[in-house]
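Enquirer: give the three-dimensional model of this entry:
(one chain, ligands or ions: 1)
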Amino acid sequence: MLKITCPWCGDRAQIEFTYRGDGALTRPALDNENAKDHFEYVYLRDPRRGVQDEIWRHSAGCGQFLKVRRDTLTHKIYATSAPQDDLAQDDLDQQGDAQ
Ligand SMILES: [Zn+2]
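Expert: As a prediction, this is how the structure comes out:
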């Protein structure tokens, strides 16, 4: 069973969480009037293979959103954090074997 570490609740089963989207996107500024930038932010995704940052929600737990660094090929989870925090590159090395 896949486990995800909620920053507020600790280790929980993946079934308690829901995937909410790409965690690496940057929302265009509100005063950016270029419709193409907003269209790309909302609709276009680059499917990636390998490690990426994602936004998940602990929907059957505390309800908080969190950032998850996950390998899309192996489903290995390297690190989690609050969504506003940056996952450091060394999280790949330190927590890669913890899951
Ligand atoms: Zn939680």
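
Enquirer: in stretch 18-26, what's buried?
Expert: Counting neighbours by 16 or more other Cβ atoms under 10 Å, one finds that the buried residues in stretch 18-26 are Gly23. (Each C-beta comes from the backbone N, C-alpha and C, glycine too.)

Enquirer: distance from the chain centre to it, please.
Expert: The chain centroid and the centroid of stretch 18-26 are separated by 5 Å, computed with Cα atoms, centre = their mean, to the nearest Å.

Enquirer: which residues are contacting stretch 50-70?
Expert: Where contact means Cβ atoms under 8 Å, 6 or more residues apart in numbering, the residues beyond stretch 50-70 that reach it are 4, 6-9, 12, 15-24, 71-73, 76-83, 85, 87, 91-92.

Enquirer: can you tell me the element the residue nearest the centre of the chain falls in?
Expert: Per Cα atoms, centre = their mean, the C-alpha nearest to the average position across the chain is that of Glu54, at 2.0 Å. Secondary-structure element containing Glu54, defined by DSSP states H and E: strand 51-57.

Enquirer: list the buried residues of the helix or strand just after that strand.
Expert: Following strand 51-57 in sequence order, the next helix or strand is strand 65-71 (DSSP H and E). By 16+ other Cβ under 10 Å, the buried positions in strand 65-71 come out as Leu66, Lys67, Val68, Arg69, Arg70, Asp71.

Enquirer: list the contacts for the residue of the chain most remote from its centre?
Expert: The outermost residue of the chain relative to its centre, with distances by Cα atoms, centre = their mean, is Glu33 at 27.7 Å. Listed by Cβ under 8 Å, 6+ apart, Glu33 has no contact partners.

Enquirer: I am finished for the moment; much appreciated.
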